[in-house]
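**Student:** Have a look at this prediction, sequence included:
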Amino acid sequence: MKNLVQLLFLLLMIGAFYSCERTLIGEDPENTPQNNFELFWNEYNERYGLFHARGSNWDSIYQVYRPLVNSTTSMDQLFDIFSEMVDYLDDSHVSIFERRTGKLFISGFEKNEEAKEIMDRKLVEESYLKEVQVRDEANLFVQSMIKDKPIGYIYWKGVESYHDDMFAEALTAFNNEEAIIIDLRSNRGGDGITSRRIAGRFSDGEHFIHTVKNKIGPGENDFSEPIKFFTEVIGDQQWTKPVILLTNRASISAAEDFTLNMKAFSHVTQIGDITAGDFSNTSLHRFFPNGIETIYSTQWYQLPDGSAIDGIGNIPDIEVINKLEDVQNGIDEVLETAIQFLKDEYGIG
């Protein structure tokens, strides 16, 4: 199953690279290994938006990897060098692709895969849920109830625009329940506008939550003025009874934006592991003379106090991480902690 998931993800990313707008670096640049390296390093040096936030020293990367490239460096060797360079950024919004071989590398991907190993959806459905409803043909949205508890449960694996209606319907279905658990573990992200809109269905009012700066020039401090973002109130009724968000290292991008919005509300608690820390939007797909392509982060999220959140992630209110041996023995410690918290804190269940 793991290999199938990885294959599907690879095909999705390849499709995105093939369908994107082509943006070639420079005008008729020389196609040599050395020049491709210089163009690649410089592209990130001038356009990547998160060196400040992540504390990354891109100059040191040049010093390490430039001596490895010469006129005899092969395409495969250069791809591997580029992969090591961007993996240093630990940013899953950074990808490189080579269409001749179909090779794809995603920065930070291995850590995300490790998190998925200790979240077993089948275990959750069989041991903890009743009346499971798969609402999404892509299996991204599952609605259910915790067994013998007045607690609604939503497993949400991706953020698509049509999920807004599904949330509205789920909240109506859960109207007589006392709490909701929203399981964002391994949520791959998606539409940030939708994630913020859905958060508005749980809103207790307007809160200033973060700013965004966009990289607009080649200098290290060439960013736009910060744009402020606030929580919204969406829909005729808001769910303001207790909500638990379950997260892990593979909760990414729009799922993190959703979590950031939701944690502004006093009735929301995050339980699990720190999220990936990958909030930024990405560049157009950039093409180098040898055919290697890349995308990268172009924004800088900051909390109201000015601190960065990219590279850090949403820090849970209660940190708990499943152990593989527990999962193998039929126990999801993260979900059990959430159920116990609702009992201890609110007397639910």
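**Tutor:** That came in fine, so what should we check first?

**Student:** Next, the contact list for the closest residue in space to R54 that isn't next to it in sequence, please.
**Tutor:** Computed as CB to CB, 6 or more residues apart in numbering, the closest residue to R54 that is not its neighbour in sequence is G311, at 3.8 Å. Heads up, the C-betas are built off the backbone N, CA and C, glycines and all. Contacts for G311 (CB atoms under 8 Å, 6 or more residues apart in numbering) come out as 50, 53-55, 90-91, 277.

**Student:** and with 10 Å instead?
**Tutor:** 50, 52-56, 89-91, 108, 276-280, 297, 301 (CB atoms under 10 Å, 6 or more residues apart in numbering).

**Student:** Would you state the helices of the stretch 51-200 of the chain in chain order?
**Tutor:** For the stretch 51-200 of the chain, the helices defined by DSSP state H, counting those that start in this stretch cover 51-54, 58-65, 75-87, 109-116, 121-128, 163-173, 192-199.

**Student:** Mean pLDDT per helix and strand in the protein: which one sits at the bottom?
**Tutor:** Using mean pLDDT, DSSP states H and E, the weakest-scoring helix or strand in the chain turns out to be helix 2-19, at a mean of 40.

**Student:** T172 against Q143, yeah?
**Tutor:** No. In this structure, T172 is not within contact of Q143 by CB atoms under 10 Å, at 11.1 Å.

**Student:** between the two, who's got more neighbours?
**Tutor:** Q143 (22 against 10; other CB atoms under 10 Å).

**Student:** and the nearest residue to that one once chain neighbours are set aside, how far is that from Y153?
**Tutor:** Here the nearest residue to Q143 in space, its sequence neighbours aside, is Q133; by CB to CB, 6+ apart that works out to 4.6 Å. As judged by CB to CB, to the nearest Å, Q133 and Y153 stand 10 Å apart.

**Student:** what residues are shared contacts of these two?
**Tutor:** Joint contacts of Q133 and Y153 (CB under 10 Å, 6+ apart) are 142-145, 170.

**Student:** which residue is nearest the centroid of this protein?
**Tutor:** Nearest residue to the geometric centre of the chain (CA atoms, centre = their mean): I252, 1.2 Å.

**Student:** mind checking the SS state of F258?
**Tutor:** helix (DSSP: H, G, I helix; E, B strand; the rest coil).

**Student:** Surely S56 touches G49?
**Tutor:** No. With contact defined as CB under 10 Å, S56 does not reach G49; the gap is 11.1 Å.

**Student:** Overlap in contacts, those two.
**Tutor:** In contact with both S56 and G49: D91, using CB under 10 Å, 6+ apart.

**Student:** More neighbours: which of those two?
**Tutor:** G49 (27 against 18).

**Student:** which regions of this structure lie under the pLDDT threshold?
**Tutor:** Within the chain, the stretches with pLDDT under 70 are 1-28.

**Student:** Which segments of it make up each domain?
**Tutor:** What automatic domain parsing lists as the domains of the chain is 2-107, 120-277+313-346.

**Student:** With P289 as the reference, name the closest of these.
**Tutor:** domain 2-107 (3.8 Å; CB to CB).

**Student:** For the closest one, what is the distance to the chain centroid?
**Tutor:** Relative to its chain's centre, domain 2-107 lies at 19 Å (CA atoms, centre = their mean, to the nearest Å).

**Student:** re earlier: can you list the domains of the chain in TSV and add distance to E113?
**Tutor:** Listed next are these as TSV, based on distance: least, CB to CB, whole Å:
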stretch	distance to E113
domain 2-107	8
domain 120-277+313-346	8
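
**Student:** Buried deepest among these, which one?
**Tutor:** Among those, domain 120-277+313-346 has the highest mean neighbour count (mean count of other CB atoms under 10 Å), at a mean of 19.

**Student:** Against V86, how distant is the residue nearest to G205 when sequence neighbours are not counted?
**Tutor:** Closest residue to G205 apart from its sequence neighbours, by CB to CB, 6+ apart: V233 at 6.9 Å. In this view, V233 and V86 are 39 Å apart by CB to CB.

**Student:** does N248 really touch R188, like I thought?
**Tutor:** No. Counting by CB under 10 Å, N248 stays clear of R188, with 12.0 Å between them.

**Student:** Which neighbours do these two have in common?
**Tutor:** In contact with both N248 and R188: N112, using CB under 10 Å, 6+ apart.
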